[in-house]
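A.B. asks: Curious how this folds, go ahead:
(one chain, ligands or ions: 2)
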Amino acid sequence: MEIKALVFKDKQLKLTERPQPVPGEDEVLIQVKLAGICNTDLEIMDGYLGFEGIPGHEFVGRVIYDPEAEFTGQRVVGSINISCYECFTCNQGLSNHCLNMRALGIRNKDGAFAEYLTLPRENIYPLPEVVTDKMAVFIEPMAAAVEIPEKVHLRPTDEVVVLGDGKLGLLTAQVFWAMGFDVKVIGKHQEKLQIVKKLGIETFLPGELNRMVDVVVECTGSQSGVETALKIVRPEGKIVLKTTTVEKPSLDLSQVAVNEIKIIGSRCGPFAPTLRLLERHKFPLEEMIDSIFPLERGLAAFTRAKEKGVLKVLLEIS
Ligand SMILES: [Zn+2]
Ligand SMILES: [Zn+2]
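C.D. replies: Numbering: from 1, shown residues only. Ligands and ions are numbered 1, 2, ... in the order given. Sure, this is the predicted structure:
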């Protein structure tokens, strides 16, 4: 059977037909319902990681086939990393940094911008009814924020500033808010800051916050963001880098040494606790959706997602 898919090949994204993917051993077959376009997908279009195939890693779908039958018929989300469990880092218990890592729609594994995808059973998380498709499609980037306290010790009393009011910044602020932190956001766009302001999160325009804070989470992915982080983090404070950037910022590392700043990188995160947060809190996620396109208009969706300042663009697939 042929399925419709967006395929990135020879530096071009095309809507085309592909054979339906066949689940490997211990894999489930999922019919994709809704998928989100993320900045990583836009970077893939610019050649990030040299990926070719079907992109897309933020999705909600329904399990069509499960060899164990446990998930069959269930509405699910799926974590994106697939480790080999055989290499050196996997054997060290660091399977999150598997040397042969495959990642859904990012590295050596076809992704979610297609009618069907396959994933290992261990990556699958059934969705509680209260978590709608439009909420669940945000779980992957939210999980990346949930991961931060796993990477660096944060005190519950820490004052946290999130830099950036793009998708990742707004989601990270909401997660810290739900975890009980005193969190603030610095961004350039009042209308976007408004989304988190409704939760009671204090927001600032660049330059408005003129004092030091305990923790800064850099979500702008820009040189100026890293500079701002170094400017407002207190001595012995912590900077968390969340974004992957194409440009390589130059850093004043003497300030890191003199002020004994900790800089920590953090990438993907755990789905189970993130699902619990989604179940327990009313996040204003739907306000972060800019537009929804059918898969057939996938190229137009990418054009829209690339426009400056646009929040989440979704693909409705089935
Ligand atoms: Zn993403
Ligand atoms: Zn491995």
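A.B. asks: The stretch 201-318 of the chain: helices as residue ranges?
C.D. replies: Here the stretch 201-318 of the chain has its helices, by DSSP state H, counting those that start in this stretch, at 223-232, 253-258, 271-280, 298-306.
A.B. asks: For the third one, enumerate the helices and strands it packs against.
C.D. replies: Counting by 3 or more C-beta pairs under 8 Å, 6 or more residues apart in numbering; DSSP states H and E, the packing neighbours recorded for helix 271-280 are strand 124-126, helix 139-146, helix 167-178. For glycine as for every other residue, the C-beta is placed from the backbone atoms N, C-alpha and C.
A.B. asks: report the angle between the axes of that helix and helix 167-178?
C.D. replies: Taking axes from the mean of the first three to the mean of the last three C-alpha atoms, to 10 degrees, one finds that helix 271-280 is oriented at 70 degrees with respect to helix 167-178.
A.B. asks: Next: the first one.
C.D. replies: Using the same axes, to 10 degrees, the interaxial angle of helix 223-232 with respect to helix 167-178 works out to 30 degrees.
A.B. asks: tell me what helix 223-232 is packed against?
C.D. replies: Applying 3+ C-beta pairs under 8 Å, 6+ apart, we find helix 223-232 packed against strand 159-163, strand 213-218, strand 233-241.
A.B. asks: Hmm, R267 is touching A145, no?
C.D. replies: No - with contact defined as C-beta atoms under 8 Å, R267 does not count as touching A145 (11.1 Å).
A.B. asks: ok, these two, which is more surrounded?
C.D. replies: A145 (27 against 13; other C-beta atoms under 10 Å).
A.B. asks: quick one: the longest strand anywhere in the chain to helix 167-178, angle?
C.D. replies: Counting residues, the longest strand found in the chain (DSSP state E) is strand 27-37. Orientation of strand 27-37 against helix 167-178 (the same axes, to 10 degrees) gives an angle of 100 degrees.
A.B. asks: For the helix or strand that comes right after strand 27-37, the averaged confidence score.
C.D. replies: Downstream of strand 27-37, the first helix or strand assigned by DSSP states H and E is helix 39-45. On average, the pLDDT along helix 39-45 is 92.
A.B. asks: list the buried ones in helix 39-45?
C.D. replies: Residues N39, T40, D41, E43, I44, M45 are the ones in helix 39-45 that count as buried (16 or more other C-beta atoms under 10 Å).
A.B. asks: just checking, the fifth one touches E52?
C.D. replies: No - in terms of C-beta under 8 Å, I44 does not count as a neighbour of E52; the distance is 9.2 Å.
A.B. asks: Give me the common contacts of these two.
C.D. replies: Common contact partners of I44 and E52 (C-beta atoms under 8 Å, 6 or more residues apart in numbering): F8.
A.B. asks: So which of the buried residues of helix 39-45 is the closest to ligand 2?
C.D. replies: When the buried residues of helix 39-45 are compared for distance to ligand 2 (C-beta to the ion), T40 wins out at 21.0 Å.
A.B. asks: residues touching P235, list them.
C.D. replies: M212, N259, E260, I261.
A.B. asks: mind putting the helices and strands packed on helix 271-280 in TSV, mean pLDDT and distance to T118 included?
C.D. replies: Shown next, in TSV, are the helices and strands packed on helix 271-280 (pLDDT from 0 to 100; distance: least, C-beta to C-beta, whole Å):
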stretch	mean pLDDT	distance to T118
strand 124-126	98	11
helix 139-146	93	17
helix 167-178	95	26
